[in-house]
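Peer 1: A predicted structure for the sequence below; I have some questions about it.
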Amino acid sequence: MKSLILAICLAVACGAVQAQKIFRVVQSDGTVEFTDVPPSNRPAEEIQVRPMNTTPAVAPARATSTQAAGAQGETGYSEFRITRPADDEGIRSNAGSVDVDLKLAPALRAGDKIHLILDGQSVGGGRSTAITLTDMDRGTHSIQAVVKNSDGKVVARSNSVTFTLQRTSINQPQRPRPQTN
């Protein structure tokens, strides 16, 4: 009951605030002032306030179950992405090995294989979602994974990830000896 009375009071108060009049007063130095109480010693012009433009919120469209099934039905996989390494990650590995982890849902179908593409070149494939690349050169690389069916057709493609492999160089020039005076 108290909340109903409170709601009615708020509705009346909001209506009263909106019904207030606004006046425009020009001061002797030329500045313009807006007020809700007209001054008695100066002329005031009543301003007609136009109603506020409002747009109702639009609810985001949700995919129907048939749309979601259609999107998954084309590839057969609802999620396929590289989870490790992260995009723009720096990896320190003097051995030159990088672990690549993939997230694939649902599980890999019979006959499908995962292929990794490193710097535009295919570097192998298999059925595991955890792959280790070895003997990589240091520097910046990009990697992407694809799922191919038994016919060799790409049925799913992951996001592309760029990472930098940092490893110690054996080609370090000898430092000059410090000179003494």
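Peer 2: Ah, there it is.

Peer 1: Tell me the buried residues in the helix or strand hosting residue 83?
Peer 2: Assigned by DSSP states H and E, residue 83 belongs to strand 79-84. Within strand 79-84, the residues scored as buried using 16 or more other CB atoms under 10 Å are 80, 82. Bear in mind the C-beta positions are built from the backbone N, C-alpha and C, glycine included.

Peer 1: avg pLDDT for stretch 50-61?
Peer 2: Across stretch 50-61, the average pLDDT comes to 76.

Peer 1: May I see the buried residues of that stretch?
Peer 2: Buried, per 16+ other CB under 10 Å, within stretch 50-61: nothing.

Peer 1: likewise stretch 96-105?
Peer 2: 98, 100, 102, 104.

Peer 1: what do you get for stretch 141-152?
Peer 2: 141, 143-148.

Peer 1: and those residues as JSON lines, adding pLDDT?
Peer 2: Compiled in JSON lines, the buried residues of stretch 141-152 are given as follows (pLDDT from 0 to 100):
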{"residue": "141", "pLDDT": "89"}
{"residue": "143", "pLDDT": "91"}
{"residue": "144", "pLDDT": "90"}
{"residue": "145", "pLDDT": "89"}
{"residue": "146", "pLDDT": "90"}
{"residue": "147", "pLDDT": "88"}
{"residue": "148", "pLDDT": "87"}
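
Peer 1: right, and out of those residues, which lies closest to residue 32?
Peer 2: Nearest to residue 32 among those is residue 144, at 62.1 Å by CB to CB.

Peer 1: Remind me which helix or strand that closest one belongs to.
Peer 2: Residue 144 belongs to strand 139-148, assigned by DSSP H and E.

Peer 1: With residue 5 instead?
Peer 2: Going by DSSP H and E, residue 5 is in helix 2-18.

Peer 1: Sheet partners, orientation included, of the helix or strand just after that helix?
Peer 2: Next in sequence after helix 2-18, counting helices and strands by DSSP H and E, comes strand 22-26. Strand pairing for strand 22-26, determined by DSSP bridges: strand 32-35 (antiparallel), strand 45-47 (antiparallel).

Peer 1: What's the mean pLDDT across the shortest one?
Peer 2: Going back to what we said before, that points to strand 45-47. Strand 45-47 shows a mean pLDDT of 85.

Peer 1: Give me the contact list for that strand.
Peer 2: 21-25, 34, 38 (CB atoms under 8 Å, 6 or more residues apart in numbering).
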